[in-house]
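Q: structure for this input, please:
(2 chains)
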Amino acid sequence: MLDRVTKTYGKVATPALDRISLHVEPKEFVIVVGQSGAGKSTLLKLLTREERPTTGKIIVGGIDYDKLRDRDIPLLRRKIGVVFQDFKLLPNRTVFENVAFALEIVGATNHEIKATVPKVLDIVNLRGKEKRMPLELSGGERQRVAIARAIVRQPKILIADEPTGNLDPKHAWDVIKVLEKINHYGTTVLLTTHNQDIVNRLKRRVVTIEHGQIASDRDRAQYKA
Amino acid sequence: MSRRLVTFSRIIKAGLVNFVRNAWLAVAAMAVMIITLTIVLFSIITNATFTNTIVQITDKIDVSVFLKDSTDQTQGTKLANDLRTLPNVKSVTYLTKADALVHYKQQNAGNPALISAINETDNPLPATIQIKPKELNKIQDIRDYLSKNNVKPLWDDVSYRDDRKAAIDKIAHATNLMRRAGIVAVLVFAAISVIIIFNTIQMAIFNRRDELTIMRLLGASTSYIRGPFVVESVVYGIISALISVLIIHSLFVASSSALQASSLGLLDINYAAQYFKGHFLALLTMQLVLGILIGAVSSTVATRRYLKFKTK
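A: Numbering: from 1, shown residues only, chains lettered A, B, ... in the order given. Have a look, this model is predicted:
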């Protein structure tokens, strides 16, 4: 997936990511941990093409980022579901509309939207809250709306950037359970967190990033077995 | 295909919603656009009217060559034919002495004293060749031709109705001036309206930047994000075009009922109103196209910088 990728910001001497190589299998569940500023977010931004690598190669789902033209970026992003720490929901739209928004963008018909959105809201256990506004929901619920929006287009890969960062442990765990469920259905999940409790309970492959480099890549063999 | 249609209708809908939300911001943008388009329309109508006035007056101008009685009809006809070959001659009418008399009687039919006076004489009227020039400014070449040695002995006198030339020159001058002033005014106001719409759209973008960022991250295409803004400013253009046509229309209504005047200085209002009516559809279409163009161009430029992928 990533091959010796380096990302340097400005003229700072130390790169945010220093020759990182990482391969993730389809349908894998990978947790990326590391201190704030270690380079986790940069890694994810490279995958969603919010940032370009200074050097190195990125290939996701067969798409070589070097060959990606600007106008194809939207197509790439449609194949990747992203969940953000700060949810990034539209405050003046209902839960249903927020999820439907992702489908509207790709030109789904109203019929398709009506058929798909409730199913996805089922998966994230938000049935019955379609008409609520995001501000009326708890943080955990909001994050689950965001997850619903990320998976409604059935992406092969779901990237979750500290989805539990703003949540209390109980809600955080709700969100993680939803992510596991999605992974169980066959979606590759890339989760970043610095919550040690979640890492311990999940028992999945854990990639640790320190100072822009991969410090450890645990449990891989165990997970594969 | 239907997906495209769905997307297209969503873009239109979003644009209209934006328009309503931005209504107050839109007022400024539309006001300038209305002024621009009204000036355009006004310039076109006055230009057409002046051109028409010039044509009409030019038509009344002729050069009359009064032939000597010694010139016989063959010579007269030959001269008329020769004159027809000159480049600046539109038409030539040859009146024999008898024709001239009939013509004179017709012209003065309402004046029995003159008729009876002329009946008592032995037709004092000379045979006449009336020449209508194509262009007044080049009347000199007709003059030159008539002064040639082989032609000069044939005629007595030539009347140029030069008095009208001054009036025509005045109108032509005014038309030129109007045209230039119109073009400058249109350009200046078009530039101003582009800038103002540009700012309006940038403001709208700024107000909704969070939403746009989210759209971007969810993989919305550039046209899907830009579309509503373009639709919004195209709506400005359409409304402004309609209002500008309405303004000109009500000007005509007001002037025809209140002033009861057929002309305002050099401007023939009757003709202008008639021109406006006669070309209404064409003018309306032109205004709409212009308004839409101004709106579309300025909003496309305004969104362009913002929508670039800033990946470096």
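Q: what about the residue in chain A positioned nearest to chain B, helix or strand, and which?
A: Closest contact between chain A and chain B, by C-beta to the nearest C-beta, is at A:Arg77 (3.3 Å). Every residue, glycine included, has its C-beta placed from N, CA and C. Per DSSP states H and E: A:Arg77 is located in helix A:73-79.
Q: the helix or strand just after that helix packs against which elements?
A: Using DSSP H and E, the helix or strand that directly follows helix A:73-79 along the chain is strand A:80-83. Secondary-structure packing of strand A:80-83 (3 or more C-beta pairs under 8 Å, 6 or more residues apart in numbering or on different chains; DSSP states H and E): helix A:139-151, strand A:157-161.
Q: and B:Phe229, which of these is closest to it?
A: Smallest distance to B:Phe229 across these (C-beta to C-beta): 23.4 Å, for helix A:139-151.
Q: from the chain's centroid, how far away is that closest one?
A: 11 Å (C-alpha atoms, centre = their mean, to the nearest Å).
Q: which residues are contacting that helix?
A: If you take C-beta atoms under 8 Å, 6 or more residues apart in numbering or on different chains as the criterion, helix A:139-151 is touched by A:81-84, A:87-89, A:95, A:98-99, A:101-102, A:117, A:120-121, A:123-126, A:129, A:134, A:137, A:158, A:160, A:163-164, A:166-168, A:170-172, A:174-175, A:178-179, A:182, A:187, B:218.
Q: specify the beta-bridge partners of the spatially most central residue of chain A.
A: The residue lying closest to the centre of chain A (C-alpha atoms, centre = their mean) is A:Ile159, at 1.5 Å. Beta-bridge partners recorded for A:Ile159 (DSSP bridges): A:Val82, A:Leu190.
Q: picking that back up, specify the local secondary structure of the nearest residue to the residue of chain A closest to chain B once chain neighbours are set aside.
A: Closest residue to A:Arg77 apart from its sequence neighbours, by C-beta to C-beta, 6 or more residues apart in numbering or on different chains: B:Gly219 at 3.3 Å. Secondary structure for B:Gly219, judged by DSSP: H, G, I helix; E, B strand; the rest coil, is coil.
Q: where does B:Gly219 land on pLDDT?
A: Looking at B:Gly219, its pLDDT reads 84.
Q: and it, what are its phi and psi?
A: phi 90, psi 30 (degrees, to the nearest 10).
Q: quick one: contacts for it?
A: A:Ile73, A:Pro74, A:Leu75, A:Leu76, A:Arg77, A:Arg78, A:Ile105, A:Val106 are the contacts of B:Gly219 under C-beta under 8 Å, 6+ apart.
Q: what separation is there between the nearest residue to the third one once chain neighbours are set aside and A:Pro163?
A: What that stands for is A:Leu75. Nearest non-adjacent residue to A:Leu75, counting by C-beta to C-beta, 6+ apart: B:Gly219, 7.0 Å away. Applying C-beta to C-beta, to the nearest Å, the value for B:Gly219 to A:Pro163 is 19 Å.
Q: B:Asn111 now?
A: In terms of C-beta to C-beta, B:Asn111 sits 105 Å off from A:Pro163.
Q: which of the two has more neighbours?
A: The neighbour comparison of B:Asn111 against A:Pro163 (other C-beta atoms under 10 Å in any protein chain shown) goes to A:Pro163, with 27 against 11.
Q: tell me how many other residues surround B:Val253.
A: For B:Val253, using other C-beta under 10 Å, the count is 11.
Q: check B:Phe229 too.
A: Residues within reach of B:Phe229, counting by other C-beta under 10 Å, total 29.
Q: remind me, longest helix of chain A?
A: helix A:169-184 (DSSP state H).
Q: just the buried positions in that helix, please.
A: A:His171, A:Ala172, A:Trp173, A:Asp174, A:Val175, A:Ile176, A:Val178, A:Leu179, A:Ile182, A:Asn183 (16 or more other C-beta atoms under 10 Å in any protein chain shown).
Q: put the alpha carbons of it into CSV.
A: Listed next in CSV are the C-alpha coordinates belonging to helix A:169-184 (Å, rounded to 0.1, in the frame of the first residue of the first chain):
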residue,chain,number,x,y,z
PRO,A,169,-15.3,5.4,26.9
LYS,A,170,-18.8,4.0,26.6
HIS,A,171,-19.6,5.9,23.3
ALA,A,172,-16.2,5.2,22.0
TRP,A,173,-16.7,1.5,22.4
ASP,A,174,-20.1,1.8,20.5
VAL,A,175,-18.3,3.4,17.6
ILE,A,176,-15.5,0.7,17.6
LYS,A,177,-18.1,-2.0,17.7
VAL,A,178,-19.7,-0.6,14.6
LEU,A,179,-16.3,-0.4,12.9
GLU,A,180,-15.8,-4.1,13.7
LYS,A,181,-19.1,-4.9,12.3
ILE,A,182,-18.3,-3.1,9.0
ASN,A,183,-15.0,-4.9,8.9
HIS,A,184,-16.8,-8.2,9.4
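Q: relative orientation of that helix and strand A:157-161 in degrees?
A: 160 degrees (axes from the mean of the first three to the mean of the last three C-alpha atoms, to 10 degrees).
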